[in-house]
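**Student:** next comes the sequence, and after it the predicted model I'd like to discuss.
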Amino acid sequence: MGEFAQERQRRSREFGPWELREGVRSRASELRALLQERMDTHQDVPRVQTLAVEALQELDKAREALTHREHSRYKMGSHLAVGQIHLDTAQNLLLRLSQPEEVIPMMPGVLAIVQEHLPPSDPRRVKVERIDQSVTQTGRLSAPELETILDAVGVARQASIRETLRVRSFVNIVGWVTAILVIGAAVVALLGALNDDVLPLCFTPSTGIGQSGFTVVCPTSTNEFPSTNPNAALKSSTSPGDYVVVEIVGLVAAGIAAATSLRRIRGTATPYNVPVVLALLKLPMGALTAVLGLLLMRGGFVPGLSALDSSAQIIAWAIIFGYSQQLFTRLVDGQAQALINTVGAPSATVTPPPPAPSTAARPQP
(Lines give C-alpha, C1' and ligand atoms only; values in the text may rest on other atoms or scores of the structure.)
Protein backbone atom coordinates (compact mmCIF):
# COMPACT_ATOMS: atom_id res chain seq x y z
CA MET A 1 0.00 0.00 0.00
CA GLY A 2 2.85 2.36 0.76
CA GLU A 3 4.58 1.73 -2.59
CA PHE A 4 1.27 2.19 -4.44
CA ALA A 5 0.69 5.53 -2.71
CA GLN A 6 4.22 6.70 -3.56
CA GLU A 7 3.81 5.73 -7.21
CA ARG A 8 0.46 7.51 -7.34
CA GLN A 9 2.01 10.62 -5.83
CA ARG A 10 4.85 10.56 -8.39
CA ARG A 11 2.33 10.32 -11.22
CA SER A 12 0.30 13.22 -9.85
CA ARG A 13 3.40 15.42 -9.87
CA GLU A 14 4.44 14.44 -13.37
CA PHE A 15 4.52 17.05 -16.11
CA GLY A 16 4.54 16.08 -19.77
CA PRO A 17 2.36 13.78 -21.85
CA TRP A 18 1.60 10.53 -20.05
CA GLU A 19 1.19 8.79 -23.41
CA LEU A 20 4.82 9.49 -24.33
CA ARG A 21 6.04 7.94 -21.09
CA GLU A 22 4.00 4.80 -21.65
CA GLY A 23 5.17 4.67 -25.28
CA VAL A 24 8.82 4.73 -24.24
CA ARG A 25 8.16 2.17 -21.51
CA SER A 26 6.37 -0.25 -23.85
CA ARG A 27 9.12 0.09 -26.47
CA ALA A 28 11.70 -0.66 -23.78
CA SER A 29 9.83 -3.84 -22.85
CA GLU A 30 9.78 -4.88 -26.50
CA LEU A 31 13.51 -4.30 -26.89
CA ARG A 32 14.19 -6.22 -23.70
CA ALA A 33 12.39 -9.25 -25.13
CA LEU A 34 14.34 -9.01 -28.40
CA LEU A 35 17.65 -8.69 -26.57
CA GLN A 36 16.86 -11.66 -24.36
CA GLU A 37 16.05 -13.70 -27.46
CA ARG A 38 19.39 -12.74 -29.06
CA MET A 39 21.24 -13.70 -25.89
CA ASP A 40 19.53 -17.09 -25.81
CA THR A 41 20.21 -17.68 -29.51
CA HIS A 42 23.90 -16.69 -29.39
CA GLN A 43 24.93 -17.98 -25.99
CA ASP A 44 28.34 -19.00 -27.30
CA VAL A 45 29.17 -15.60 -28.84
CA PRO A 46 30.89 -13.37 -26.22
CA ARG A 47 30.50 -10.21 -28.30
CA VAL A 48 26.73 -10.63 -28.53
CA GLN A 49 26.47 -11.31 -24.82
CA THR A 50 28.53 -8.22 -23.93
CA LEU A 51 26.57 -5.86 -26.18
CA ALA A 52 23.26 -7.33 -25.05
CA VAL A 53 24.13 -6.81 -21.39
CA GLU A 54 25.04 -3.17 -22.12
CA ALA A 55 21.76 -2.69 -23.97
CA LEU A 56 19.80 -4.17 -21.08
CA GLN A 57 21.52 -1.75 -18.72
CA GLU A 58 20.45 1.14 -20.94
CA LEU A 59 16.87 -0.11 -20.78
CA ASP A 60 17.12 -0.23 -16.99
CA LYS A 61 18.31 3.39 -16.99
CA ALA A 62 15.39 4.37 -19.21
CA ARG A 63 12.91 2.75 -16.82
CA GLU A 64 14.54 4.41 -13.80
CA ALA A 65 14.33 7.81 -15.51
CA LEU A 66 10.65 7.29 -16.29
CA THR A 67 9.88 6.45 -12.65
CA HIS A 68 11.58 9.66 -11.42
CA ARG A 69 14.18 7.93 -9.29
CA GLU A 70 17.38 9.18 -10.88
CA HIS A 71 16.86 12.90 -11.46
CA SER A 72 14.91 15.87 -10.13
CA ARG A 73 13.84 17.45 -13.44
CA TYR A 74 10.69 15.39 -13.90
CA LYS A 75 8.49 18.44 -13.48
CA MET A 76 9.78 19.88 -16.75
CA GLY A 77 9.21 16.71 -18.77
CA SER A 78 12.94 16.02 -18.98
CA HIS A 79 12.47 12.45 -17.77
CA LEU A 80 10.78 11.63 -21.09
CA ALA A 81 13.72 12.95 -23.11
CA VAL A 82 16.23 11.14 -20.87
CA GLY A 83 14.30 7.88 -21.19
CA GLN A 84 14.24 8.26 -24.98
CA ILE A 85 18.02 8.81 -25.04
CA HIS A 86 18.67 5.55 -23.18
CA LEU A 87 16.14 3.78 -25.39
CA ASP A 88 17.89 5.01 -28.55
CA THR A 89 21.22 3.77 -27.20
CA ALA A 90 19.72 0.33 -26.58
CA GLN A 91 18.34 0.25 -30.13
CA ASN A 92 21.76 1.14 -31.55
CA LEU A 93 23.35 -1.66 -29.54
CA LEU A 94 20.70 -4.06 -30.81
CA LEU A 95 21.63 -3.18 -34.38
CA ARG A 96 25.33 -3.50 -33.61
CA LEU A 97 25.04 -7.00 -32.19
CA SER A 98 22.94 -8.15 -35.15
CA GLN A 99 24.35 -10.01 -38.12
CA PRO A 100 24.03 -8.46 -41.61
CA GLU A 101 21.30 -10.91 -42.59
CA GLU A 102 19.40 -9.96 -39.43
CA VAL A 103 19.55 -6.26 -40.28
CA ILE A 104 18.05 -6.69 -43.76
CA PRO A 105 14.44 -6.97 -42.45
CA MET A 106 15.06 -3.83 -40.36
CA MET A 107 16.16 -1.74 -43.35
CA PRO A 108 12.80 0.08 -43.86
CA GLY A 109 12.84 1.32 -40.26
CA VAL A 110 16.53 2.18 -40.40
CA LEU A 111 16.05 4.13 -43.63
CA ALA A 112 13.06 5.98 -42.15
CA ILE A 113 15.12 7.12 -39.13
CA VAL A 114 17.97 8.34 -41.32
CA GLN A 115 15.66 10.18 -43.73
CA GLU A 116 13.72 11.77 -40.87
CA HIS A 117 16.66 13.39 -39.13
CA LEU A 118 19.44 13.80 -41.72
CA PRO A 119 19.18 16.27 -44.62
CA PRO A 120 19.06 14.90 -48.17
CA SER A 121 22.54 16.23 -48.91
CA ASP A 122 24.16 14.41 -45.98
CA PRO A 123 26.64 11.87 -47.43
CA ARG A 124 25.71 9.29 -44.78
CA ARG A 125 22.06 9.47 -45.75
CA VAL A 126 22.93 9.22 -49.46
CA LYS A 127 25.07 6.18 -48.76
CA VAL A 128 22.35 4.47 -46.70
CA GLU A 129 19.79 5.09 -49.45
CA ARG A 130 22.13 3.50 -51.99
CA ILE A 131 22.70 0.55 -49.68
CA ASP A 132 18.95 0.13 -49.29
CA GLN A 133 18.54 0.03 -53.07
CA SER A 134 21.32 -2.52 -53.33
CA VAL A 135 19.81 -4.69 -50.59
CA THR A 136 16.42 -4.54 -52.31
CA GLN A 137 17.96 -5.77 -55.57
CA THR A 138 20.44 -8.34 -54.29
CA GLY A 139 19.10 -9.31 -50.86
CA ARG A 140 22.64 -9.15 -49.41
CA LEU A 141 24.32 -6.82 -46.93
CA SER A 142 28.05 -6.77 -46.40
CA ALA A 143 29.88 -6.04 -43.15
CA PRO A 144 31.25 -2.64 -44.38
CA GLU A 145 27.75 -1.62 -45.46
CA LEU A 146 26.42 -2.60 -42.04
CA GLU A 147 29.03 -0.40 -40.38
CA THR A 148 27.98 2.51 -42.60
CA ILE A 149 24.35 1.97 -41.58
CA LEU A 150 25.24 1.85 -37.90
CA ASP A 151 27.19 5.11 -38.16
CA ALA A 152 24.34 6.87 -39.98
CA VAL A 153 21.73 5.64 -37.51
CA GLY A 154 23.83 6.80 -34.57
CA VAL A 155 24.23 10.27 -36.10
CA ALA A 156 20.50 10.42 -36.90
CA ARG A 157 19.56 9.59 -33.33
CA GLN A 158 21.94 12.27 -32.05
CA ALA A 159 20.28 14.74 -34.41
CA SER A 160 16.90 13.74 -32.99
CA ILE A 161 18.16 14.43 -29.47
CA ARG A 162 19.48 17.84 -30.51
CA GLU A 163 16.11 18.70 -32.05
CA THR A 164 14.37 17.86 -28.78
CA LEU A 165 16.91 19.87 -26.77
CA ARG A 166 16.42 22.89 -29.02
CA VAL A 167 12.69 22.77 -28.34
CA ARG A 168 13.38 22.49 -24.61
CA SER A 169 15.79 25.44 -24.69
CA PHE A 170 13.22 27.56 -26.55
CA VAL A 171 10.50 26.69 -24.04
CA ASN A 172 12.80 27.57 -21.13
CA ILE A 173 13.73 30.93 -22.66
CA VAL A 174 10.10 31.85 -23.34
CA GLY A 175 9.21 30.74 -19.81
CA TRP A 176 11.84 33.00 -18.24
CA VAL A 177 10.78 35.95 -20.42
CA THR A 178 7.15 35.35 -19.42
CA ALA A 179 8.09 35.32 -15.73
CA ILE A 180 9.98 38.61 -16.12
CA LEU A 181 7.02 40.21 -17.91
CA VAL A 182 4.64 39.01 -15.20
CA ILE A 183 6.85 40.60 -12.56
CA GLY A 184 7.04 43.79 -14.62
CA ALA A 185 3.25 43.95 -15.02
CA ALA A 186 2.77 43.36 -11.29
CA VAL A 187 5.28 46.09 -10.43
CA VAL A 188 3.58 48.56 -12.80
CA ALA A 189 0.17 47.81 -11.28
CA LEU A 190 1.55 48.17 -7.75
CA LEU A 191 3.33 51.45 -8.46
CA GLY A 192 0.25 52.76 -10.24
CA ALA A 193 -1.87 51.94 -7.21
CA LEU A 194 0.55 53.49 -4.72
CA ASN A 195 1.32 56.61 -6.80
CA ASP A 196 -1.73 56.98 -8.99
CA ASP A 197 -1.16 60.69 -9.66
CA VAL A 198 2.44 60.43 -10.94
CA LEU A 199 1.60 59.06 -14.42
CA PRO A 200 -2.20 59.13 -14.59
CA LEU A 201 -4.06 57.28 -17.31
CA CYS A 202 -6.61 60.12 -17.46
CA PHE A 203 -7.47 62.53 -20.28
CA THR A 204 -8.86 66.07 -20.40
CA PRO A 205 -11.02 66.43 -23.53
CA SER A 206 -11.79 69.86 -24.91
CA THR A 207 -15.45 69.69 -23.95
CA GLY A 208 -16.14 70.78 -20.38
CA ILE A 209 -18.79 72.42 -18.20
CA GLY A 210 -17.64 75.84 -19.26
CA GLN A 211 -14.85 77.79 -20.78
CA SER A 212 -13.01 77.72 -17.46
CA GLY A 213 -13.87 74.12 -16.51
CA PHE A 214 -12.40 70.71 -17.22
CA THR A 215 -13.76 67.23 -17.75
CA VAL A 216 -11.30 64.61 -16.53
CA VAL A 217 -11.85 61.15 -18.01
CA CYS A 218 -10.17 58.20 -16.26
CA PRO A 219 -10.50 54.42 -16.82
CA THR A 220 -12.73 54.08 -13.75
CA SER A 221 -14.42 57.48 -13.51
CA THR A 222 -15.38 60.73 -15.26
CA ASN A 223 -15.34 64.00 -13.26
CA GLU A 224 -16.04 67.65 -14.04
CA PHE A 225 -14.13 70.47 -12.35
CA PRO A 226 -14.83 74.25 -12.50
CA SER A 227 -11.11 74.87 -12.22
CA THR A 228 -8.46 76.48 -14.35
CA ASN A 229 -5.73 74.13 -13.03
CA PRO A 230 -5.78 70.85 -15.03
CA ASN A 231 -3.01 69.31 -12.94
CA ALA A 232 -5.02 69.68 -9.75
CA ALA A 233 -8.07 68.27 -11.50
CA LEU A 234 -6.09 65.25 -12.73
CA LYS A 235 -4.58 64.63 -9.31
CA SER A 236 -7.96 64.59 -7.62
CA SER A 237 -9.51 62.33 -10.30
CA THR A 238 -7.00 59.49 -10.42
CA SER A 239 -7.79 56.23 -8.72
CA PRO A 240 -5.47 53.42 -7.48
CA GLY A 241 -7.47 50.97 -9.59
CA ASP A 242 -6.85 52.70 -12.95
CA TYR A 243 -3.70 50.75 -13.79
CA VAL A 244 -5.17 47.50 -12.49
CA VAL A 245 -8.30 47.84 -14.63
CA VAL A 246 -6.32 48.70 -17.76
CA GLU A 247 -3.94 45.77 -17.24
CA ILE A 248 -6.81 43.35 -16.67
CA VAL A 249 -8.50 44.55 -19.86
CA GLY A 250 -5.23 44.23 -21.80
CA LEU A 251 -4.66 40.75 -20.37
CA VAL A 252 -8.14 39.59 -21.46
CA ALA A 253 -7.61 41.02 -24.95
CA ALA A 254 -4.25 39.27 -25.15
CA GLY A 255 -5.89 36.01 -24.08
CA ILE A 256 -8.31 36.31 -27.01
CA ALA A 257 -5.39 36.98 -29.34
CA ALA A 258 -3.56 33.96 -27.93
CA ALA A 259 -6.56 31.70 -28.53
CA THR A 260 -6.80 33.00 -32.10
CA SER A 261 -3.10 32.52 -32.86
CA LEU A 262 -3.06 28.91 -31.65
CA ARG A 263 -4.78 27.81 -34.86
CA ARG A 264 -1.55 28.56 -36.75
CA ILE A 265 0.73 26.64 -34.38
CA ARG A 266 1.23 22.98 -35.16
CA GLY A 267 1.52 20.66 -32.19
CA THR A 268 4.66 18.71 -31.39
CA ALA A 269 5.30 15.18 -30.15
CA THR A 270 8.10 16.39 -27.88
CA PRO A 271 7.42 16.46 -24.12
CA TYR A 272 7.63 20.28 -24.14
CA ASN A 273 4.36 22.10 -24.79
CA VAL A 274 5.32 24.99 -27.06
CA PRO A 275 1.79 26.37 -27.76
CA VAL A 276 1.06 26.72 -24.04
CA VAL A 277 4.18 28.77 -23.26
CA LEU A 278 3.47 30.98 -26.28
CA ALA A 279 -0.05 31.63 -25.02
CA LEU A 280 1.22 32.44 -21.53
CA LEU A 281 3.75 34.90 -22.98
CA LYS A 282 0.99 36.95 -24.58
CA LEU A 283 -0.92 37.56 -21.34
CA PRO A 284 1.54 39.81 -19.45
CA MET A 285 2.59 41.30 -22.78
CA GLY A 286 -0.98 42.42 -23.41
CA ALA A 287 -1.26 43.93 -19.94
CA LEU A 288 1.88 46.00 -20.49
CA THR A 289 1.07 47.10 -24.04
CA ALA A 290 -2.34 48.32 -22.87
CA VAL A 291 -0.73 50.58 -20.27
CA LEU A 292 2.08 51.76 -22.53
CA GLY A 293 -0.31 52.45 -25.41
CA LEU A 294 -2.50 54.69 -23.27
CA LEU A 295 0.55 56.52 -21.94
CA LEU A 296 1.68 57.16 -25.51
CA MET A 297 -1.77 58.51 -26.40
CA ARG A 298 -1.79 60.75 -23.33
CA GLY A 299 1.62 62.10 -24.31
CA GLY A 300 0.32 63.09 -27.74
CA PHE A 301 2.28 60.42 -29.61
CA VAL A 302 -0.81 59.63 -31.71
CA PRO A 303 -2.04 62.89 -33.31
CA GLY A 304 -5.75 63.50 -32.87
CA LEU A 305 -6.17 60.85 -30.16
CA SER A 306 -4.71 62.64 -27.19
CA ALA A 307 -8.05 63.47 -25.53
CA LEU A 308 -10.55 60.64 -25.11
CA ASP A 309 -14.14 61.60 -24.26
CA SER A 310 -15.26 58.80 -21.92
CA SER A 311 -14.10 55.91 -19.78
CA ALA A 312 -15.57 53.54 -22.36
CA GLN A 313 -13.20 54.93 -24.98
CA ILE A 314 -10.23 54.40 -22.68
CA ILE A 315 -11.26 50.79 -22.06
CA ALA A 316 -11.82 50.30 -25.80
CA TRP A 317 -8.32 51.54 -26.61
CA ALA A 318 -6.92 49.36 -23.82
CA ILE A 319 -8.53 46.38 -25.56
CA ILE A 320 -6.98 47.41 -28.88
CA PHE A 321 -3.52 47.89 -27.36
CA GLY A 322 -3.78 44.63 -25.44
CA TYR A 323 -4.67 42.75 -28.60
CA SER A 324 -1.92 44.55 -30.52
CA GLN A 325 0.75 42.70 -28.54
CA GLN A 326 0.31 40.18 -31.37
CA LEU A 327 2.44 42.52 -33.52
CA PHE A 328 5.40 41.81 -31.22
CA THR A 329 4.79 38.21 -30.24
CA ARG A 330 4.09 37.05 -33.80
CA LEU A 331 7.85 37.02 -34.32
CA VAL A 332 8.13 34.57 -31.43
CA ASP A 333 5.27 32.54 -32.92
CA GLY A 334 7.12 32.35 -36.22
CA GLN A 335 10.31 31.24 -34.50
CA ALA A 336 8.38 28.58 -32.58
CA GLN A 337 6.73 27.25 -35.73
CA ALA A 338 10.06 27.14 -37.55
CA LEU A 339 11.57 25.26 -34.61
CA ILE A 340 8.71 22.75 -34.54
CA ASN A 341 9.04 22.22 -38.29
CA THR A 342 12.69 21.25 -37.87
CA VAL A 343 11.74 18.22 -35.73
CA GLY A 344 11.97 15.43 -38.27
CA ALA A 345 11.79 17.90 -41.16
CA PRO A 346 14.39 16.36 -43.55
CA SER A 347 11.97 13.53 -44.42
CA ALA A 348 9.73 16.05 -46.16
CA THR A 349 11.85 15.92 -49.31
CA VAL A 350 12.96 12.44 -50.16
CA THR A 351 14.49 11.93 -53.58
CA PRO A 352 15.90 8.61 -54.74
CA PRO A 353 19.69 8.80 -54.85
CA PRO A 354 21.46 8.13 -58.12
CA PRO A 355 22.66 4.56 -58.52
CA ALA A 356 26.20 3.87 -57.47
CA PRO A 357 28.65 3.75 -60.42
CA SER A 358 29.56 0.26 -61.49
CA THR A 359 33.13 -0.78 -60.80
CA ALA A 360 33.11 -3.64 -63.30
CA ALA A 361 35.35 -3.22 -66.32
CA ARG A 362 33.57 -2.44 -69.54
CA PRO A 363 34.08 -4.93 -72.40
CA GLN A 364 36.40 -3.75 -75.12
CA PRO A 365 34.81 -3.31 -78.58
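**Tutor:** Yep, it's here.
**Student:** from residue 162, how far out is the residue positioned nearest the centre of the chain?
**Tutor:** Taking Cα atoms, centre = their mean, the centroid of the chain lies closest to residue 274, which sits 2.9 Å from it. Separation of residue 274 from residue 162 (Cβ to Cβ, to the nearest Å) stands at 16 Å. Any C-beta I mention is one placed from the backbone N, CA and C, and that applies to glycine too.
**Student:** re the thing from before, surely the residue nearest to the centre of the chain meets residue 171?
**Tutor:** Yes: contact criterion Cβ atoms under 8 Å: residue 274 and residue 171 qualify, at 6.2 Å.
**Student:** chain neighbours aside, what residue packs nearest to the residue nearest to the centre of the chain?
**Tutor:** For residue 274, ignoring the flanking residues on the chain, the nearest one in space by Cβ to Cβ, 6 or more residues apart in numbering is residue 336 at 5.2 Å.
**Student:** give me the residues contacting the helix or strand harbouring residue 317.
**Tutor:** Assigned by DSSP states H and E, residue 317 falls within helix 311-323. By Cβ atoms under 8 Å, 6 or more residues apart in numbering, the list of residues contacting helix 311-323 from outside reads 201, 203, 217-222, 245-246, 249-254, 256-257, 286-287, 289-290, 292-294, 297, 305, 308.
**Student:** cutoff 6 Å now
**Tutor:** 219, 222, 246, 249-250, 253-254, 257, 286, 289-290, 293, 308 (Cβ atoms under 6 Å, 6 or more residues apart in numbering).
**Student:** do the same with stretch 195-202
**Tutor:** If you take Cβ under 6 Å, 6+ apart as the criterion, stretch 195-202 is touched by 216, 218, 219, 234, 235, 237, 238, 240, 242, 246, 294.
**Student:** which of those residues are buried?
**Tutor:** Those of the contacts of stretch 195-202 that meet the buried threshold are 216, 218, 219, 234, 237, 238, 242, 246, 294, by 16 or more other Cβ atoms under 10 Å.
**Student:** for those, point out the one with the lowest pLDDT.
**Tutor:** Within the set of the buried ones among the contacts of stretch 195-202, pLDDT is lowest for residue 234 (68).
**Student:** show me the shaky parts of the stretch 1-150 of the chain.
**Tutor:** Along the stretch 1-150 of the chain, the parts satisfying pLDDT under 70 run over 1-19, 68-77.
**Student:** thinking again about what came up before, can you redo the buried ones among the contacts of stretch 195-202 as TSV with secondary structure?
**Tutor:** Listed next are the buried ones among the contacts of stretch 195-202 as TSV, based on DSSP: H, G, I helix; E, B strand; the rest coil:
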residue	secondary structure
216	strand
218	coil
219	coil
234	helix
237	helix
238	coil
242	helix
246	helix
294	helix
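**Student:** from those, pick the one nearest residue 87.
**Tutor:** Proximity of these to residue 87 (Cβ to Cβ) peaks at residue 246, which lies at 50.6 Å.
**Student:** and that closest one, what is it in contact with?
**Tutor:** The contact partners of residue 246, by Cβ under 6 Å, 6+ apart, come to 201, 219, 290, 291, 318.
**Student:** can you select the buried ones from those in PyMOL?
**Tutor:** Only the buried entries of these go into this PyMOL selection, using 16+ other Cβ under 10 Å:
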select buried, resi 201+219+290+291+318
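**Student:** quick one: which of the contacts of residue 246 is nearest residue 341?
**Tutor:** Closest approach between these and residue 341, by Cβ to Cβ: residue 290, at 32.2 Å.
**Student:** what number of residues lie near residue 159?
**Tutor:** Neighbours of residue 159 under the rule other Cβ atoms under 10 Å: 20.
**Student:** what sits against the residue nearest to it when sequence neighbours are not counted?
**Tutor:** In space, and not counting its chain neighbours, residue 159 is closest to residue 117: 4.2 Å by Cβ to Cβ, 6+ apart. Residue 117 is in contact with 156, 159, 160, counting by Cβ under 6 Å, 6+ apart.
**Student:** burial measure for the first one, as a count.
**Tutor:** For residue 156, the tally of surrounding residues (other Cβ under 10 Å) stands at 23.
**Student:** need the helices for the stretch 101-250 of the chain, in chain order.
**Tutor:** Assigned by DSSP state H, counting those that start in this stretch, the stretch 101-250 of the chain shows helices spanning 107-117, 123-138, 143-194, 230-237, 242-261.
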